[in-house]
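A.B. asks: the following block contains a protein sequence and its predicted model.
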Amino acid sequence: MATPDEAVVVSRPETFEAFYRREFRRVVAIAYALSGSRAGAEDLAQEAFIAAHRRWDEIGSYEKPEAWVRRVVSNMAVSAFRRRRSEAKALARLAGRRQEVLPPLEPEHDGFWELVRQLPKRQAQAVASHYLEDLPVIDIADILDCSPNTAKVHLYRGRRALAAKLSEEAP
């Protein structure tokens, strides 16, 4: 039993800031070892420390709060590694089944499509929808958000402009 003359030393819990400064590099090293990503390791460590900061009143009173942060970052790093590995496998599988996104355009028609791209926007849209997708005027009108008669006008004017350009280019 302590006498009144003896000083009673009460240890104060470490501040979060001191804990962070002391442990951050080591926690990043664990995250890197487990995740394999340098940039990702820093992010994971930050997330673990944020979780600790939110609950610092509780975590700071633990005998070894560094163990808690290391457990959190370890779990996060393993999960991140597994997620990246699964994503890489999925991408590899999809690459094998990859389909061409663009419809096949014949190289001999490149000149024609270049002329279509030079038309006014609505005319180019009408011509491309009609010739590339073989859409009827009513569907072109829906795409252009106009009446069928207006779509016919755009298609007519686009065809007329193309005919004029093509006749200029003909030898």
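C.D. replies: On my side now, so go ahead. What you see is a predicted model; the values in this text were computed from it and never measured.
A.B. asks: burial count for residue 17?
C.D. replies: Residues lying near residue 17 (other Cβ atoms under 10 Å) number 9. Backbone N, C-alpha and C define where each C-beta goes, glycine included.
A.B. asks: please, which helix or strand holds it?
C.D. replies: helix 16-35 (DSSP states H and E).
A.B. asks: same for the helix ranked longest in the chain, what does it pack against?
C.D. replies: In terms of residue count, the longest helix belonging to the chain (DSSP state H) is helix 65-96. Counting contacts by 3 or more Cβ pairs under 8 Å, 6 or more residues apart in numbering; DSSP states H and E, helix 65-96 packs against helix 16-35, helix 38-54, helix 56-59.
A.B. asks: closest to residue 112 out of those?
C.D. replies: Within the helices and strands packed on helix 65-96, the stretch nearest residue 112 is helix 38-54; the backing value is 47.4 Å (Cβ to Cβ).
A.B. asks: average pLDDT for that closest one, rounded please.
C.D. replies: What helix 38-54 shows for mean pLDDT is 93.
A.B. asks: could you say what helices and strands that helix packs with?
C.D. replies: Against helix 38-54 (3+ Cβ pairs under 8 Å, 6+ apart) you get helix 16-35, helix 65-96.
A.B. asks: which residues are contacting that helix?
C.D. replies: Outside helix 38-54, the residues that touch it by Cβ atoms under 8 Å, 6 or more residues apart in numbering are 16, 19-20, 24, 27-29, 31-32, 35, 59, 65, 68-69, 72-73, 76-77, 80.
A.B. asks: same thing but 10 Å
C.D. replies: The contact list for helix 38-54 (Cβ atoms under 10 Å, 6 or more residues apart in numbering) reads 16-17, 19-20, 23-35, 37, 56, 58-60, 62, 65-66, 68-77, 79-81, 84.
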